[in-house]
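K.L.:
Here is a sequence with its predicted model. Questions after.
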Amino acid sequence: MSANLKPVEKEDIITISELLSGAPTQDVQWTQGAKIRSVMYYTLTFSVRTEVATGAAPGPGDESEGLLFVQSDEYILQRIRNAAIKDQPSNFVVTEEFQYGQMDKSGKGRWLVYHNEELNMLQRRFFSKRNWTEDSRLQEIAKKFKLDGELGSLKWELDLAIPLQKF
């Protein structure tokens, strides 16, 4: 995988790793207004063929990967199923319906969220150390994306203490 790939952007086509029904879930908790909220999210990986930062056309290996969190709500699940590219149920165009978070301001480690946009939470809520260490499938994903050493670190908690972003 090339090191200077651009982060996933609006209008990129992503391919998800597996069907939603087989993906691991995690309980994301946060406070919104005066209420404690809790919502289940499927955690998937995606790949995207993207142009390299130099502007050159993508070549072999110029595919980046990322995380996708999809709210486990029947209305949202139906919306994302309907958003799939015709005859390609694992492929989606990134639209303004997706929100994103990232590990730093450069776009490194950008990940996507597909959910009810009225849910307003900090990026770090998707990376609760408890969730990622209790599920073996999430542990595998954490290792793949080299998250296992960062989960729960103070630096990471501070870096991700900002709201999800909109495209």
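P.N.:
Received, thanks.
K.L.:
Determine the longest strand present in the protein.
P.N.:
Criterion DSSP state E: the longest strand present in the chain is strand 35-49.
K.L.:
In that one, which residues are buried?
P.N.:
39, 41-48 (16 or more other C-beta atoms under 10 Å). All C-beta atoms are positioned from the backbone trio N, CA, C, and that covers glycine.
K.L.:
Kindly export stretch 68-78 (C-alpha atoms) in PDB.
P.N.:
What follows is stretch 68-78 as a C-alpha-only set of coordinates in PDB (Å, rounded to 0.1, in the frame of the first residue of the first chain):
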ATOM      1  CA  LEU A  68     -16.600   2.300   8.500                       C
ATOM      2  CA  PHE A  69     -19.100   2.500  11.400                       C
ATOM      3  CA  VAL A  70     -22.800   1.900  10.500                       C
ATOM      4  CA  GLN A  71     -25.600   2.500  13.000                       C
ATOM      5  CA  SER A  72     -27.500  -0.700  13.700                       C
ATOM      6  CA  ASP A  73     -30.900   0.800  13.100                       C
ATOM      7  CA  GLU A  74     -33.300  -0.700  10.600                       C
ATOM      8  CA  TYR A  75     -34.000   2.700   8.900                       C
ATOM      9  CA  ILE A  76     -30.300   3.500   8.600                       C
ATOM     10  CA  LEU A  77     -29.500  -0.100   7.400                       C
ATOM     11  CA  GLN A  78     -32.200   0.200   4.700                       C
END
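K.L.:
will you turn the buried residues of strand 35-49 into TSV that also has pLDDT and distance to Lys6?
P.N.:
Converted to TSV, the buried residues of strand 35-49 look like this (pLDDT from 0 to 100; distance: C-beta to C-beta, whole Å):
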residue	pLDDT	distance to Lys6
Val39	95	30
Tyr41	95	25
Tyr42	94	25
Thr43	94	23
Leu44	93	21
Thr45	92	18
Phe46	92	15
Ser47	91	14
Val48	88	9
